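In: Return atomic coordinates for the entry below.
(one chain, ligands or ions: 2)
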Amino acid sequence: MNVYDGWRIAAMLTHRGMVQTQNVSDADIIILNTCAVRAKATDKVFSALGRIRRAKKPSALFGIVGCVAREAGATAFRRIPDLNFVLGPQSYHKLPEIIENPDAKLFNIDLGGLEKFDSLPQMERSPRIAYIPIQEGCNHCCTYCIVPYTRGRELSRPFDACMRDTIHAAKTGAIEICFLGQNVNGYKYTDENGNIYRLSDLIRETAKIPEIMRIRFTSSYPTEMTDDLIDMFRTEPKLLPFLNMPIQSGAPEILKRMNRPYSLELYCDIINKLRIARPDIQISSDFIVGFPGETDSDFEQTMKIAQQIKYINSYSFKYSPRPHTAAAIMPNQIQENIKAQRLAALDNCLNEIQRDFNESCVDKTLECLLEGPDKTGNHLIYRTPFMQQCIVAHRENAPELAKIKITAANKASLRGKIID
Ligand code: 5AD
Ligand code: SF4
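Out: Residues are numbered from 1 along each chain as shown. Ligands and ions are numbered 1, 2, ... in the order given. The predicted structure follows:
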């Protein structure tokens, strides 16, 4: 979501005649787009602001947008008094106001509107993978998560607006569409005639667009994985056989205190249905270790479920207490060294599963999407349908979508040869 927001901000300013620079000391405006999900990310923002302050031209405007702006609010100006703007995740479209009135401080952390999506100019060229935000915010209120505070309650964009953006992306270069939302499979829009549109409707319509060859969506909440959506994996071959559906923990007691009220049976049932609908589907998860009160045996259950489901491409994090969340004031906070030990053990286990899966791909032929050259320029990086990186020898006019025979694998990536 932040990558997408960054593109829209860049498009908004280039539309006004500005150009991008990677060099802070050249810039006339410096915008830090920020994430507040863990404390480390927030801390990094303030140390980066300190560095930018020293490196920038005296006349350059600088500030923050996104979730840290919303989390820190007006205290951001107290911490860094010469900051020019602080704009929350739903008000960054107001950024041009600071260019028009550079002497005033610009502050807006309001929530509740999705007007930013429609008030920003469309990008002239879309990237090969176009992110289309379809809903924002979250009503789940997991007890560890700051997102319901920073991005607010769940709002779904009108179906027509989502399709307009998708068609625009397809006509301007996109091959893959990734629908975005904090709770993307909770997408639900009711139009003025009472017609209800869900994510499955968006997928079905998007699959009809000839330019679009691959569709995916992220991130999904387990209990919103409804049968109509599961069925899409059976009926729409353009929907990639890959799904991020975070479980967070494998211990029922922890899930309860995380306020994620699903049983492991229900979660596994959903996965079974998905595998029946699409036998080659692979699942990825996010995990939090060291949630308050997590015992060794709770953690063992997380390790067990990771091995049982055989998640690929997963993310795991140490629990980080966040302001405005219930878990931050729960008793039995876990010591940092225990969190670190558990994270290392889980990461080991997830890496091993990933390596096994990667090795199982050797000798197979996968249809992959070109991402671009690697740093050396000697290779091209492609993405498999399961979001693995696949490296091939560089060549001119390489196809954007290529059939690649996988020749080797390690835990991080695959190697292959384009089949002509
Ligand atoms: N501490 C650690 N990880 C967190 N996440 C969300 N909040 C926290 C927190 N307080 C993780 C969850 C979520 C991902 C985006 O970030 O795993 O799925
Ligand atoms: Fe945060 Fe995701 Fe839980 Fe919503 S469902 S509160 S975004 S972790």
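
In: For the residue nearest to Ile418 when sequence neighbours are not counted, pull up the helix or strand it's in.
Out: Once flanking residues are discounted, Ile418 sits nearest to Ala402: 4.8 Å by Cβ to Cβ, 6 or more residues apart in numbering. Using the backbone N, CA and C atoms, a C-beta is placed for each residue, glycine as well. Assigned by DSSP states H and E, Ala402 belongs to strand 401-409.

In: Which strands or helices does that strand pack on?
Out: Judged by 3 or more Cβ pairs under 8 Å, 6 or more residues apart in numbering; DSSP states H and E, strand 401-409 is in contact with helix 336-360, strand 365-373, strand 389-393, strand 413-418.

In: and that strand, how far from the chain's centre?
Out: 26 Å (Cα atoms, centre = their mean, to the nearest Å).

In: do the same with stretch 124-137
Out: 11 Å.

In: Dump the helices and strands packed on strand 401-409 into TSV; add mean neighbour count, mean pLDDT and distance to Ile31 as well.
Out: Output for those, formatted as TSV (neighbours: other Cβ atoms under 10 Å; pLDDT from 0 to 100; distance: least, Cβ to Cβ, whole Å):
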stretch	mean neighbour count	mean pLDDT	distance to Ile31
helix 336-360	16	98	32
strand 365-373	17	97	24
strand 389-393	19	97	29
strand 413-418	19	98	32
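
In: Out of those, which gets nearest to Pro58?
Out: Smallest distance to Pro58 across the helices and strands packed on strand 401-409 (Cβ to Cβ): 36.6 Å, for strand 365-373.

In: Parallel or antiparallel, list what pairs with the closest one.
Out: strand 379-383 (antiparallel), strand 401-409 (antiparallel) (DSSP bridges).

In: hmm, back to that, alpha carbons of the strand holding Ala402, in CSV - could you do that?
Out: C-alpha atoms of strand 401-409 as CSV (Å, rounded to 0.1, in the frame of the first residue of the first chain):
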residue,chain,number,x,y,z
LEU,A,401,5.8,-12.8,-19.9
ALA,A,402,8.0,-15.8,-20.5
LYS,A,403,7.9,-19.6,-20.1
ILE,A,404,10.9,-20.4,-18.1
LYS,A,405,12.4,-23.8,-17.4
ILE,A,406,13.7,-23.9,-13.9
THR,A,407,17.3,-25.2,-13.7
ALA,A,408,18.4,-24.6,-10.1
ALA,A,409,17.1,-23.4,-6.8
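
In: residues of that strand that come out buried?
Out: 402, 404, 406, 409 (16 or more other Cβ atoms under 10 Å).

In: Can you tell me what sits against it?
Out: Strand 401-409 is contacted by residues 175, 213, 355, 358-359, 361-370, 382, 384, 390, 392, 414-419 when judged by Cβ atoms under 8 Å, 6 or more residues apart in numbering.

In: before we move on, the earlier item: want to throw the helices and strands packed on strand 401-409 into CSV with distance to Asn23?
Out: Supplementary listing: the helices and strands packed on strand 401-409 in CSV, determined by distance: least, Cβ to Cβ, whole Å:
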stretch, distance to Asn23
helix 336-360, 35
strand 365-373, 22
strand 389-393, 29
strand 413-418, 31
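
In: between those, which gets nearest to ligand 1?
Out: Ligand 1 lies closest to helix 336-360 among the helices and strands packed on strand 401-409, at 9.6 Å (Cβ to the nearest ligand atom).

In: Identify the residues contacting the closest one?
Out: Contacts for helix 336-360 (Cβ under 8 Å, 6+ apart): 282, 287, 289-290, 294, 299, 302-303, 306-307, 310-314, 316-319, 386, 388, 409-411, 413-414.
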